[in-house]
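**Student:** give me a 3D structure for the following:
(chains A and B)
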Amino acid sequence: AQSVTQLDSQVPVFEEAPVELRCNYSSSVSVYLFWYVQYPNQGLQLLLKYLSGSTLVKGINGFEAEFNKSQTSFHLRKPSVHISDTAEYFCAVSWFSGNTGKLIFGQGTTLQVKP
Amino acid sequence: NAGVTQTPKFQVLKTGQSMTLQCAQDMNHEYMSWYRQDPGMGLRLIHYSVGAGITDQGEVPNGYNVSRSTTEDFPLRLLSAAPSQTSVYFCASSYKRTGNYGYTFGSGTRLTVV
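**Tutor:** Numbering: from 1, shown residues only, chains lettered A, B, ... in the order given. Reported below is the predicted structural model:
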């Protein structure tokens, strides 16, 4: 069975500092990997995705993530955060089984950027 | 483009009442799904559909029904509301069944069952 684990429920960080949000997954089949962001009282917005190819993926708002197959990880990073990055971040995996596809999410990590 | 539209945005129900959460998309996406979001549990898949006339259960289907009579619409029905169904519900859609083009989410319906 496929699963996603986000290792930190909350990550406090000061403005302009770097940040890493950790995500590990477990799967017996090939998967696609995603990071979504949810700003307060809004829906989810796609930050970036890994489908194949280069293991370093760049997304919107200066975020990037690195796919590490041997460690089954897909950690999200940003070199310098802003107050506006305060939000909840979700790691997700998608896979193809038979003729259907599914997307499952981790528990979420709340990024709190302090001035 | 409106994207994925969910109605209503807020709803309060009494225990035992039934209601339908509406979801519509105008992107001709074949894949649609419903999630519920609860604190500390991320988003959990309730039901999904890979096309008109085809639906299947996700992780937490009990107490919910769905149907997909058209490509555009994917309503979620609560048969007899319970306090445990208090949650924020999100509808999502995608072109491809594996979601490799990325899922588009609605803005959510916040449901309270008293």
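**Student:** give me the neighbour count for B:Asn28.
**Tutor:** B:Asn28 has 9 neighbouring residues, counting by other Cβ atoms under 10 Å in any protein chain shown. Placement of C-beta: from N, CA and C, glycine included.
**Student:** ok, now which ones touch it?
**Tutor:** Neighbouring residues of B:Asn28 by Cβ atoms under 8 Å, 6 or more residues apart in numbering or on different chains: B:Thr71, B:Tyr95.
**Student:** report the secondary structure state of it.
**Tutor:** Counting by DSSP: H, G, I helix; E, B strand; the rest coil, the backbone at B:Asn28 sits in coil.
**Student:** what residue, apart from its backbone neighbours, is nearest A:Pro18 spatially?
**Tutor:** A:Pro79 (5.1 Å; Cβ to Cβ, 6 or more residues apart in numbering or on different chains).
**Student:** next, count neighbours for the one you found.
**Tutor:** With other Cβ under 10 Å as criterion, A:Pro79 counts 11.
**Student:** and what of B:Arg110?
**Tutor:** Other residues close to B:Arg110 by other Cβ under 10 Å number 15.
**Student:** now it: which helix or strand?
**Tutor:** Using DSSP states H and E, B:Arg110 maps to strand B:109-113.
**Student:** for chain A, longest strand please?
**Tutor:** Longest strand of chain A, by residue count under DSSP state E: strand A:87-97.
**Student:** so what strands line up beside that strand?
**Tutor:** When pairs are called by DSSP bridges, strand A:87-97 turns out to pair with strand A:32-38 (antiparallel), strand A:100-105 (antiparallel), strand A:109-114 (antiparallel).
**Student:** please look at the residue nearest to A:Pro18 and A:Glu16 and confirm they touch.
**Tutor:** No - using Cβ atoms under 8 Å as the test, A:Pro79 is too far from A:Glu16 to be in contact (9.4 Å).
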